[in-house]
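> Compute the structure for the input listed below.
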Amino acid sequence: AFAKFQEALAIDPGFQPALLGLATAGLRIDKAAEAAAAAQTLLKADPGNEPAMRIRYNASLKIGNPTMIVDSLVGLAAVDPVMARDSLFNLATAAYDSDDSANARKRLGKVLELDPNHARSHYLLGLMLMREGAKPEANVHLERFITLAPNDPDVRTARDAIKYMKEH
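Got it, this is the predicted structure:
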């Protein structure tokens, strides 16, 4: 089927059913790069095409490119915001845990773009900013965390961090 879809696209490169077919078949036969490219081409013509969004995301996972995964999740948020937010948060947490603060910060920012009330993102971002010496911004995020999740076990740590920043 993959070869037949390629033949159809050689005749008409913009034929959307063939693009979707190529993307779907490519994903199934471990041609993730081709699947991602076909899905991306389809999304340029039809940005709301949910199957293409999901294929692009799954292909990016198989390829293993973190930037591509994040971009795919941001696009997928239009149709599956909770899954996209949670997956982005998991990627942010992995970056945070491995001391990759630049990527952790970017990914937490994306989570907060999708869900400004995501308490754990505010907490982690607040701690990161505090370590970097950005006290006013850290304070904003830690206060927001406390407001959003007053019963979270880490509220005490957040309050202690805010107190520490005021004293130092």
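
> Now do the contacts for D30.
When contacts are counted by CB atoms under 8 Å, 6 or more residues apart in numbering, D30 is found next to K62. From N, CA and C alone the C-beta is placed, and that goes for glycine too.

> Just want the phi and psi numbers for it.
phi 60, psi 40 (degrees, to the nearest 10).

> burial measure for D115, as a count.
Counted by other CB atoms under 10 Å, the residues lying close to D115 total 18.

> Need the phi and psi values for it.
D115 adopts backbone torsions of phi -150, psi 90, taken as degrees, to the nearest 10.

> how would you label N151: helix, strand or coil?
Per DSSP: H, G, I helix; E, B strand; the rest coil, the local secondary structure of N151 is coil.

> And it, how far from F145?
With distances taken as CB to CB, to the nearest Å, N151 is found 12 Å from F145.

> Neighbour count: the two, which is higher?
Neighbours were tallied for N151 and for F145 using other CB under 10 Å; the higher tally belongs to F145 (27 against 5).

> For the biggest helix by length in the chain, give the mean pLDDT please.
In the chain, with assignment by DSSP state H, the single longest helix is helix 81-97. For helix 81-97, mean pLDDT rounds to 95.

> Please apply the same query to stretch 118-128.
What stretch 118-128 shows for mean pLDDT is 97.

> got the contact list for L19?
Contact partners of L19, counting by CB under 8 Å, 6+ apart, are F5, L9, A38, A39, T41, L42, A52.

> Touching the longest helix of the chain from outside, list them.
66, 69-70, 73-74, 76-77, 101, 103-104, 107-108, 110-111, 114-115, 118, 120-121, 124, 128.

> Can you pull the phi/psi pair for the nearest residue to A18 once chain neighbours are set aside?
What sits nearest to A18 in space, not counting adjacent residues and going by CB to CB, 6 or more residues apart in numbering, is A8, at 3.9 Å. Listed backbone geometry of A8 is phi -60, psi -40, with angles given as degrees, to the nearest 10.
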